[in-house]
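S.K.: Sequence plus predicted model, see below.
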Amino acid sequence: DLFTYPNDESDAVYLMQHIAQKNILGLNFPPNAVFCGEKIFEEPAKKILGNYLNIEDENHQLNFAKIFHKANFLVAFTRMYPQLKNFLESNGLKEGTNFIDGRQFLNPRLPIPENISEKILPLVPNKKPQLGFGIMRMPRLEDGNFDLVESVKMVDEYMKSDFCYFDMAPGYCSGKSQDLVRELVVKRYPRESFLIASKMPYPINRYQNYIEIFVNSLQSCGVDYFDYYLLHAVSKETYQMHEKFGGFEFLKKMKALGKIRRIGFSFHDRPEVLDKILQNHPEVEFVQLQLNYLDWDSPTIQSRKLYETAKNHGKQILVMEPIKGGALANLEKIQGDISIDRNEFARLALNFVRSLDVDIILSGMSEFEHVKNNRQTFSEPLTISAEDNNKRLKILETLNKLKLIPCTSCKYCEQDCPKNIPISNIFSWFNAFSHTGSNDITFAGRFKNNYRRVTFERGKASDCIKCGNCEKRCPQKIKIRQHLAEAAKIFEQK
């Protein structure tokens, strides 16, 4: 039996949504429970309850007190909870009835209810998840839909080795990343054979957002818990947002409920900001950082200092962008006297990160060959030779001369673009054009055609209104508005 006592239909819907979400999170309410909403008790409890004690109308004849007297549990989502509890007890509510303050599930500042036991569960499987599969740039068909046949081949190839870690987020793959993981992994492999991670996006406007997003993620993935769960793209600004609305408290609650095995965050800001967060939140178990040899000593990204900060706090480190979104692999056109192929470029980048004290190295693999080659790299004994270091130095020197846009195609910048400009695709062709030189007539027309293709039915670079939304989201701190103006001059000139 489930009793609800809202005073209008919207209250009923609101309460039932909360009940469904809590049940998904494992907070299964017992039978014979009464749920009360906030709106009923906006006035003093005794006055309101007095009006409800003898309700008789043509639709129903209910006695408010009798309903409560039938209940074994009272769950009240209301700030008037103490007055309500005292009133009912003083009016002869049956002995043995349990009272639950429903606000404990909504308000991050209140503790987890005593009747919910803490669940500390070990991570499975026992595989070594050193290479992580980022479900971020999965292959597509010509019609724009995801190529599930090719994606299945990629996942199966990846799972052949001792690798089992899948990374996703609600916004990846045009919002389909979690659905893809459900179809490619969850439905096809035993739950104990893989580890999955998802993320809490931003912005957050109230604590209830955390619950809604988290529950939707569990449902989209088709799982009961996440092995790893992150606050996504934490910076000084988003950290303040999570402090205000209770993001870290939410993670702790979900871990206590067994819905998250490891809690952490991905980070895009300065080392001193990371140090402050880790000082204030020692409960964090891991940090996901952008580490690669191009950004290692970059004054903008400061990968080395971020790495050292996390190690000083004793945190597990997960690596993102080890090949910088493919930028450190797609270098054939700048080889010069470096006689190596794409696979060797990727190996140089991955082995640099493998030489660090890190736990999981993520790669947003988009082709079957990427999976196969990365598996091969990670299966080989790690060796760092003087020859490899010299190759990296030559690559860095060449890249710094070219002054390419350091875009990784994460597409975060496009989420808030009012003109729907395909920024990452434009920058990709801008960089490709830069490889050839602006005087290369043979290639100029081809790049303009590709530019017209990626901007078809979307905004052009010249449509930018310079609102700055994109730059606020960019993890690479790119001057997007400036580069769009440069791209417009190259690709849109007659």
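M.R.: Nice, thanks for sending it over.
S.K.: By mean pLDDT, which helix or strand of this protein comes out lowest?
M.R.: In the chain, no helix or strand scores lower on mean pLDDT, DSSP states H and E than strand 61-62, which sits at a mean of 34.
S.K.: tell me which residues in the helix or strand hosting Q208 are buried?
M.R.: According to DSSP states H and E, Q208 maps onto helix 207-221. By neighbour count on 16 or more other Cβ atoms under 10 Å, the buried set for helix 207-221 is Y207, Q208, N209, Y210, I211, I213, F214, V215, S217, L218, S220, C221. Glycine gets a C-beta too; all of them are placed from N, C-alpha and C.
S.K.: I'd like the distance between the third one and Y202.
M.R.: Relative to Y202, N209 is positioned 9 Å away (criterion: Cβ to Cβ, to the nearest Å).
S.K.: And for the second one?
M.R.: Separation of Q208 from Y202 (Cβ to Cβ): 15 Å.
S.K.: Tell me which residues touch the nearest residue to E150 once chain neighbours are set aside, please.
M.R.: Leaving aside its chain neighbours, E150 sits nearest to P139 (4.8 Å; criterion: Cβ to Cβ, 6 or more residues apart in numbering). Residues in contact with P139 (Cβ atoms under 8 Å, 6 or more residues apart in numbering) are F146, D147, E150, S151, M154, S366, E367.
S.K.: re earlier: mind giving me the packing neighbours of the helix holding Q208?
M.R.: In terms of contacts (3 or more Cβ pairs under 8 Å, 6 or more residues apart in numbering; DSSP states H and E), helix 207-221 is packed against helix 9-24, helix 177-181, strand 195-200, strand 226-234, helix 236-245, helix 247-256.
S.K.: can you put those in CSV and add mean pLDDT?
M.R.: Formatted as CSV, these follow (pLDDT from 0 to 100):
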stretch, mean pLDDT
helix 9-24, 55
helix 177-181, 96
strand 195-200, 96
strand 226-234, 95
helix 236-245, 94
helix 247-256, 90
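S.K.: closest to L123 out of these?
M.R.: strand 226-234 (5.9 Å; Cβ to Cβ).
S.K.: The closest one vs helix 236-245, what angle?
M.R.: 120 degrees (axes from the mean of the first three to the mean of the last three Cα atoms, to 10 degrees).
S.K.: Sheet partners, orientation included, of strand 226-234?
M.R.: strand 195-200 (parallel), strand 260-267 (parallel) (DSSP bridges).
S.K.: got the CA positions of that strand in PDB?
M.R.: Extracted in PDB, the C-alpha atoms of strand 226-234 (Å, rounded to 0.1, in the frame of the first residue of the first chain):
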ATOM      1  CA  PHE A 226      28.900   3.200 -11.400                       C
ATOM      2  CA  ASP A 227      32.400   2.000 -10.700                       C
ATOM      3  CA  TYR A 228      33.800   5.500 -11.100                       C
ATOM      4  CA  TYR A 229      31.800   8.700 -11.000                       C
ATOM      5  CA  LEU A 230      33.100  12.200 -11.600                       C
ATOM      6  CA  LEU A 231      32.100  15.800 -11.200                       C
ATOM      7  CA  HIS A 232      32.800  16.900 -14.800                       C
ATOM      8  CA  ALA A 233      35.300  19.500 -15.800                       C
ATOM      9  CA  VAL A 234      35.800  21.100 -12.400                       C
END
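S.K.: That strand vs helix 207-221, what angle?
M.R.: Using the same axes, to 10 degrees: strand 226-234 against helix 207-221 is 130 degrees.
S.K.: Return the set of buried residues in strand 226-234.
M.R.: For strand 226-234, by 16+ other Cβ under 10 Å, it's F226, D227, Y228, Y229, L230, L231, H232, A233, V234.
S.K.: need these in TSV with distance to Y412, can you?
M.R.: Shown next, in TSV, are the buried residues of strand 226-234 (distance: Cβ to Cβ, whole Å):
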residue	distance to Y412
F226	21
D227	24
Y228	20
Y229	19
L230	14
L231	15
H232	9
A233	7
V234	13
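S.K.: Sketch out the low-pLDDT regions of the stretch 101-250 of the chain for me.
M.R.: By pLDDT under 70, the low-scoring segments of the stretch 101-250 of the chain are 101-122, 124, 126, 128-129.
S.K.: one more time with 50, if that's ok
M.R.: 105-120 (pLDDT under 50).
S.K.: repeat for the stretch 301-450 of the chain
M.R.: Short version for the stretch 301-450 of the chain, where the test is pLDDT under 50: 437-443.
S.K.: Now do the strands in it.
M.R.: Ranges of strands within the stretch 301-450 of the chain are 316-320, 360-363, based on DSSP state E, counting those that start in this stretch.
S.K.: what helices or strands is the first one leaning on?
M.R.: With contacts defined as 3+ Cβ pairs under 8 Å, 6+ apart, strand 316-320 has these neighbours: strand 260-267, strand 286-290, helix 303-312, strand 360-363.
S.K.: Same list, the ones you listed, but as JSON lines with distance to R342 please.
M.R.: Below are these laid out as JSON lines (distance: least, Cβ to Cβ, whole Å):
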{"stretch": "strand 260-267", "distance to R342": "27"}
{"stretch": "strand 286-290", "distance to R342": "21"}
{"stretch": "helix 303-312", "distance to R342": "23"}
{"stretch": "strand 360-363", "distance to R342": "14"}
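S.K.: Dump the ones you listed to a markdown table, plus distance to S434 and mean neighbour count.
M.R.: Shown next, in a markdown table, are the helices and strands packed on strand 316-320 (distance: least, Cβ to Cβ, whole Å; neighbours: other Cβ atoms under 10 Å):
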| stretch | distance to S434 | mean neighbour count |
| --- | --- | --- |
| strand 260-267 | 29 | 23 |
| strand 286-290 | 22 | 24 |
| helix 303-312 | 24 | 19 |
| strand 360-363 | 25 | 24 |
